[in-house]
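Participant: Based on what follows, work out the 3D shape:
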Amino acid sequence: MENRRRVVVTGMGGLSPIGGTVRQMWESAREGVCGIDFIRSFDASAHKVKIAGELKNFKAEDHMDKMTARRLARFTQLALVAAREAMEQSGLDMQKEDASRCGVNISSGIGGLGTIEEEHYKGIKRGFDRISPLFVPMAITNMAAGMTAIEFGFKGSCTCIVTACASGTNAIGEAFRQIRDGYADVFLTGGAESCITELGIGGFTSMKALSESEDPMRASIPFDRERSGFVMGEGAGVLVLEEYEHARKRDAEILCEIAGYGVSCDAHHMTAPLEDGSGAAMCMKSAMQDAGISAEQIGYVNAHGTSTPLNDKCETQAVKTAFGDAAGKLLISSTKSMTGHLLGASGAVEALLTISALQDQFAPPTINYKVPDEECDLDIVPNIGREVATEYAMSNSLGFGGHNASIIFRRV
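Facilitator: This is a model prediction of the structure:
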């Protein structure tokens, strides 16, 4: 372990229902701003689910020319905007870099769902031989990673982790390993998702996964006894990861260090987590072991906290198993109470918020919490954020298929 290379974060970019930049998102998260509202991108009046966490005032043409915007699915547009912010903060000059040592791992759980819907409608109306020639390259899930590599000239490993709701955290974790193990010096990594469409909302509604509440303030309510399902969100989060000495040599500002990463699979059910939380607990323990730290050293956890009856109960049990006696002193909040669930982008956006929490030594709240649940009895920082003195923070993501991912950040 002593010979492993250190990996640091030198740039962050993102946009979500609570902000169009990382700074805006963090300011909103600190204040407990709710980004959930009634759906405006399509007529949801005939749908059981009428609310979501949509981006506010996002227009692709504000960030790229119209021709480029027309050739990119929305999730890819979001990834590029986030990547540009991250690259700008990092100050990385590709003229001075070995591009073959710079990689990309940007995830998406579903990819260009809106493009798939739109082109399918066209095919029914006009004939399928007349749909857009850009349909396939726009829709495929790896295109956010591919277009990011093209824009910045990263010629190393370029890949796209697809592990449902764990995708964003897995992408960051696998990029971390690539650098730590010597395969690369720099990575752009994170996730992007935009599935607030009729098919996306309808599909999750039919499987009873979404909240059907028509009160935006009582829909995404993680750990609350009245929780009834998650709220769909959209957005992107991208980080610039670098090998520590590489960052130091160019005098980059180091935002935090990635200390450890853990993965596991429940190997149990297509959508339901293990009721005893043992799979997620194994993942958290693995991350702590990878970081070489004890549970007592972690002061804050950004929970997966989806607001579904099963997830929140099982994740609570998982934290108790993984942290033992230290669980009672832990601050564990769900920022999905503010953003909704960004699917494949959730772990990436939550990584940005977890890093920001470390930097500010402040735990963001779980908002709109009213009715305690005895099966979710950890300190979830209800409604009002709190100061926290900690060197380490963890972010958890638990996805359909039993995918579990945990990542630990260290303050610098």
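
Participant: Compute the number of surrounding residues for residue 296.
Facilitator: If you count neighbours by other Cβ atoms under 10 Å, residue 296 ends up with 13. Just so you know, the C-beta spots here come from the backbone N, C-alpha and C atoms, and that holds for glycine as well.

Participant: can you start the count at 31 instead of 1 from here on
Facilitator: Shifting the count to begin at 31 puts that one at residue 326.

Participant: part of a helix, is it?
Facilitator: Yes: the assignment for residue 326 by DSSP: H, G, I helix; E, B strand; the rest coil puts it in a helix.

Participant: Name the SS class of the closest residue to it other than its chain neighbours, please.
Facilitator: Nearest residue to residue 326, sequence neighbours excluded (Cβ to Cβ, 6 or more residues apart in numbering): residue 356, at 4.7 Å. Under three-state DSSP, residue 356 falls in the helix class.

Participant: Quick check: residue 356 vs residue 362, distance?
Facilitator: Applying Cβ to Cβ, to the nearest Å, the value for residue 356 to residue 362 is 11 Å.

Participant: One more: residue 225?
Facilitator: Remark: distance between residue 225 and residue 362 (Cβ to Cβ) = 27 Å.

Participant: quick one: contacts for residue 381?
Facilitator: 198-199, 202, 220, 267, 269, 425, 437, 439 (Cβ atoms under 8 Å, 6 or more residues apart in numbering).

Participant: what about residue 356 and residue 362, which has more around it?
Facilitator: The neighbour comparison of residue 356 against residue 362 (other Cβ under 10 Å) goes to residue 362, with 26 against 16.

Participant: So what pairs up with the residue lying closest to the more buried one once chain neighbours are set aside in the strands?
Facilitator: Spatially, and ignoring its direct neighbours in sequence, residue 362 is nearest to residue 331 (4.3 Å; Cβ to Cβ, 6+ apart). Beta-bridge partners recorded for residue 331 (DSSP bridges): residue 362, residue 424.

Participant: what packs against the strand or helix carrying residue 97?
Facilitator: According to DSSP states H and E, residue 97 maps onto helix 96-100. Contacting helix 96-100 under the criterion 3 or more Cβ pairs under 8 Å, 6 or more residues apart in numbering; DSSP states H and E is no other helix or strand.

Participant: Do a quick rundown of the helices in the stretch 81-230 of the chain.
Facilitator: Secondary structure of the stretch 81-230 of the chain (DSSP state H, counting those that start in this stretch): helices located at 96-100, 104-120, 143-156, 165-169, 173-182, 197-210, 228-236.

Participant: Figure out which of these is closest to residue 81.
Facilitator: Residue 81 lies closest, by Cβ to Cβ, to one member of the helices of the stretch 81-230 of the chain: helix 228-236, at 9.8 Å.

Participant: got the angle for that closest one vs helix 143-156?
Facilitator: Helix 228-236 runs at 110 degrees relative to helix 143-156, counting by axes from the mean of the first three to the mean of the last three Cα atoms, to 10 degrees.

Participant: So which bits of helix 228-236 are buried?
Facilitator: For helix 228-236, burial by neighbour count (16 or more other Cβ atoms under 10 Å) applies to 228, 230-231, 234-235.

Participant: Among the residues you listed, which one sits closest to residue 295?
Facilitator: Nearest member of these to residue 295, counting by Cβ to Cβ, is residue 234, at 21.9 Å.
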